[in-house]
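**Q** predicted model and sequence follow; I will ask about them next.
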Amino acid sequence: MSDFILEARQLGKSFGGFRAVNNVNLNVERGTIHALIGPNGAGKTTVFNLLTKFLTPSSGQILFNGEDITDLNPVEIANRGVVRSFQISAVFPHLTALENVRLALQKRLGVSYHFWRSKSLLSELDDEAIERLDQVGLKRFAHLRAVELPYGRKRALEIATTLGLEPELMLLDEPTQGMGTEDVGQVAELIRNVSVGRTIVMVEHNLGVVADLADTITVLNRGEILAEGPYDVVSKDPAVMEAYMGI
Ligand code: ADP
């Protein structure tokens, strides 16, 4: 099996005449945390959308575990174990943490409403939901409504809802966006915890988090890869400083 869990080959996306992503080659090593960074408009979100087929590539190929997944739809990709968490929190605010995770599990199992009401199934799902909440440090918040959770904890809940899909590869879209220092620390720890035994690709603006967590960083600029490597290397790259940090 290839060392790379995810590969993008010559990936491209045009919007009308505008080339938002141009010949991007990405190799994500299994078991690592791989960050995509770059200035606004660099193409990070577009690459993310292409990898999960929320957008159809104009050119190129995407391979997951060596298999071509370019023509699969987002649901088929998720079923293979490539799961994305959204930038805008996808939890139901007025359901409890437990109910949110249970609902996600219910969806995974394709349990219809009728069977959903069976008591034994319900308690089975609850056991798994509690386990998932525990994995993200939310067990003690199980009966709080999502709306009552602090922001960082909402992120954790969102991740808990995706763990039920047993993702091999998790794509996180700006996991710390809009957070204060304390929440950022909590989410960084959470990412480190859920990265055990799986691969994470994340778009992240907070360079402290990137420096702390990422094994490999790909810097995008104007739809192309500008630099790639560990933080120490890319942060000293003059082209990166110029494009990314405006130095
Ligand atoms: P980033 O996430 O790095 O900020 P994006 O991937 O959102 O960058 O955008 C890359 C470029 O593509 C930007 O110039 C943006 O305006 C353009 N773009 C993104 N989505 C669309 C779209 N649906 N239609 C037209 N242009 C788009």
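**A** Perfect, thanks for sending it.

**Q** is residue 14 in a helix, a strand, or coil?
**A** strand (DSSP: H, G, I helix; E, B strand; the rest coil).

**Q** burial check on it, number of neighbours?
**A** Neighbour count of residue 14, defined by other CB atoms under 10 Å: 14. C-beta: built from backbone N, CA, C; applies to glycine.

**Q** for residue 178, same thing?
**A** When neighbours are counted by other CB under 10 Å, residue 178 registers 10.

**Q** that one reaches residue 151, doesn't it?
**A** Yes. Residue 178 is within contact range of residue 151, at 7.2 Å (criterion: CB atoms under 8 Å).

**Q** state the phi and psi torsions of the residue nearest to residue 11 when sequence neighbours are not counted.
**A** Closest residue in space to residue 11, ignoring its immediate chain neighbours: residue 60 at 3.7 Å, by CB to CB, 6 or more residues apart in numbering. Here is the backbone geometry of residue 60 (degrees, to the nearest 10): phi 100, psi -180.

**Q** you'd agree residue 60 is up against residue 7?
**A** No. The criterion here is CB under 8 Å, and residue 60 misses it with residue 7 at 10.2 Å.

**Q** quick one: low-confidence ranges for the chain?
**A** Within the chain, the segments meeting pLDDT under 70 span 1, 86-89, 109-118, 245-247.

**Q** which stretches in it count as helices?
**A** 44-51, 74-80, 97-109, 113-116, 119-135, 151-163, 181-194, 207-213, 231-234, 238-244 (DSSP state H).

**Q** now the second one, how far from the centre of its chain.
**A** Read it as helix 74-80. Centroid separation between helix 74-80 and its chain, computed with CA atoms, centre = their mean, to the nearest Å, is 14 Å.

**Q** other SSEs contacting it?
**A** If contacts are counted by 3 or more CB pairs under 8 Å, 6 or more residues apart in numbering; DSSP states H and E, helix 74-80 sits against no helix or strand.

**Q** could you export that helix as PDB, CA atoms only?
**A** Included here for helix 74-80 are C-alpha records, laid out as PDB according to Å, rounded to 0.1, in the frame of the first residue of the first chain:
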ATOM      1  CA  PRO A  74     -19.400  13.300  -1.400                       C
ATOM      2  CA  VAL A  75     -21.500  10.500   0.300                       C
ATOM      3  CA  GLU A  76     -19.400   7.800  -1.300                       C
ATOM      4  CA  ILE A  77     -16.200   9.500  -0.300                       C
ATOM      5  CA  ALA A  78     -17.500   9.800   3.300                       C
ATOM      6  CA  ASN A  79     -18.400   6.200   3.300                       C
ATOM      7  CA  ARG A  80     -14.800   5.300   2.300                       C
END
